[in-house]
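Trainee: Sequence first, predicted model second:
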Amino acid sequence: MIDYSNSSCQITNFIPIQFFNLLLTASSSTNNATCSYSFNIQQTNSWDANSSLIIQVPATISTNGNIYCLNTTSSTNLTCSLIANATGTFINVILSNSSSSFLLTINSLINPPSLQQSSAFTLTTYTSDGYVYATDNSTLTITNTAPSSFISLAYSFSSQIYNTTSNLTLTIANILSNSNLYVLANALEIVNTSIGNISCTSPLFLLTCYMNGSSLFITPTNSSVYFQINTTISINNLFIPLANITGMPFSSFSNGYLESTYSSITFTTMCSLPCYTCLSINSSSTCLSCYSTTLFTSLIYFYQQNCYSKCPIGSFSASGSLICSVCSFICT
């Protein structure tokens, strides 16, 4: 007689399978925009009802704490919850129906702050009793294509008189405080190194500014310092040009990637030639004074709110004066 006993044979897998297909699209490609992310997920084998999907969100993508999930395939809401801890931010989705594919839309996610590609999402599906089906941590990323706008940007020039130096003061409200470079583009017209070196100052930290091509670069002297959300910057010793300037974009960058932009800082010369000062902005018809040198214009004699190359008939100027007065008797 041969004795034998029944024994069970168990198989335990140690490596989860890969997803059959993964796609991710965002409803907006603008930096820091609040939008919806749609995940198209296909698994090789079906998951059971009440399985779960856990998505680890890249660090540069944030939430406002009020996400909700939609099974776009069947237009039914899914139970999802937000989990934030020391290791990151996670979205836990309960898959109520058995399936091998579905289209998941998660609302109220906030795009990365710059055009730098995000790190990858990590997606893992689990059985209802906690075992791993499939996982992926390299396929799905977000890359924005459009900069955000500053919350606000106000600016002013200390002088608008041609051939004088001026300071440009900018008061900036940025979306985030991780910018480490500001760039003023098309700045050659107001940066004239022949009249002295430009400098940049801020009440919060030391700044370095320098020309790079036609753009003015502004950055904290300490490379570990970032601009604050609310920042005031003064760009000093600028040159006031003769003509108006209509296009100087101002932008913020983080580690070399564009974050926010202000379409155009403009400049209007106080007075058109030949006026040195005038009654109204950009006017040449009502002068309050004239230039004292022929370097810019030959019309340097002031008489009755106009500038002339010499005092007109019926007026004269005292010796050494460029202001014409009415003659008390006939004069030429």
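Mentor: Looks like it arrived, so ask away.
Trainee: per-domain residue ranges of this protein.
Mentor: For the chain, the structural domains run 21-136, 148-267, 275-326, going by automatic domain parsing.
Trainee: Could you work out which of those reaches nearest to residue 142?
Mentor: Closest approach to residue 142 among the domains of the chain is made by domain 21-136 (4.5 Å; CB to CB). The way it works is simple: take the backbone N, C-alpha and C, and place the C-beta from them, glycine included.
Trainee: Grab the nearest non-local neighbour of residue 221.
Mentor: Nearest in space to residue 221, with sequence neighbours left out and distances taken as CB to CB, 6 or more residues apart in numbering, is residue 206 at 4.1 Å.
Trainee: Including distance to residue 142, could the domains of the chain go into a markdown table?
Mentor: Output for the domains of the chain, formatted as a markdown table (distance: least, CB to CB, whole Å):
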| stretch | distance to residue 142 |
| --- | --- |
| domain 21-136 | 5 |
| domain 148-267 | 13 |
| domain 275-326 | 45 |
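Trainee: Make a markdown table from those and add mean neighbour count and mean pLDDT to it.
Mentor: Conversion of these to a markdown table gives the following (neighbours: other CB atoms under 10 Å; pLDDT from 0 to 100):
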| stretch | mean neighbour count | mean pLDDT |
| --- | --- | --- |
| domain 21-136 | 16 | 89 |
| domain 148-267 | 17 | 87 |
| domain 275-326 | 15 | 85 |
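Trainee: top strand in the chain by residue count?
Mentor: Longest strand in the chain by number of residues (criterion: DSSP state E): strand 34-47.
Trainee: Which strands and helices lie in contact with that strand?
Mentor: Using 3 or more CB pairs under 8 Å, 6 or more residues apart in numbering; DSSP states H and E, the elements in contact with strand 34-47 are strand 21-26, strand 99-110, strand 122-126, strand 132-136.
Trainee: do you know which of those lies nearest residue 53?
Mentor: strand 122-126 (5.1 Å).
Trainee: Next, the angle from the closest one to strand 21-26.
Mentor: Using axes from the mean of the first three to the mean of the last three CA atoms, to 10 degrees, one finds that strand 122-126 and strand 21-26 are set 130 degrees apart in direction.
Trainee: contact partners of strand 122-126?
Mentor: Identification of contacts with strand 122-126 by CB atoms under 8 Å, 6 or more residues apart in numbering yields 16, 19, 22, 39, 41, 43, 47, 51-56, 95, 132-137, 140.
Trainee: Repeat the analysis, applying 10 Å as the threshold.
Mentor: With contact meaning CB atoms under 10 Å, 6 or more residues apart in numbering, strand 122-126 is reached by 16-17, 19, 22, 24, 39, 41, 43, 47, 51-58, 88, 90-93, 95, 104, 131-140.
Trainee: who does it pair up with?
Mentor: The strands that strand 122-126 pairs with in its sheet are strand 51-57 (antiparallel), strand 132-136 (antiparallel) (by DSSP bridges).
Trainee: Quote the end-to-end distance of stretch 135-153.
Mentor: With CA to CA, to the nearest Å applied, stretch 135-153 spans 45 Å between its terminal residues.
Trainee: Off-centre distance for it?
Mentor: Mean-position distance between stretch 135-153 and its chain equals 12 Å (CA atoms, centre = their mean, to the nearest Å).
Trainee: Skipping its backbone neighbours, what lies nearest residue 99 in space?
Mentor: Going by CB to CB, 6+ apart, residue 99 has residue 46 as its nearest residue, at 6.0 Å.
Trainee: where do the helices sit along this structure?
Mentor: In the chain, no helices are found when defined by DSSP state H.
Trainee: one step back: specify the stretch among the helices and strands packed on strand 34-47 that is closest to residue 224.
Mentor: Of all those, strand 99-110 sits nearest to residue 224, with 25.3 Å by CB to CB.
Trainee: With just CA atoms, put the closest one into CSV.
Mentor: This file holds the C-alpha atoms of strand 99-110, laid out as CSV (Å, rounded to 0.1, in the frame of the first residue of the first chain):
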residue,chain,number,x,y,z
SER,A,99,-13.4,46.1,-17.5
SER,A,100,-10.1,46.1,-19.3
SER,A,101,-10.2,49.7,-20.5
PHE,A,102,-11.8,53.0,-19.6
LEU,A,103,-11.4,56.8,-20.2
LEU,A,104,-11.0,58.6,-16.9
THR,A,105,-11.3,62.4,-16.6
ILE,A,106,-9.9,64.1,-13.4
ASN,A,107,-11.0,67.7,-13.0
SER,A,108,-9.4,70.6,-11.1
LEU,A,109,-5.7,69.7,-11.6
ILE,A,110,-3.3,72.6,-12.0
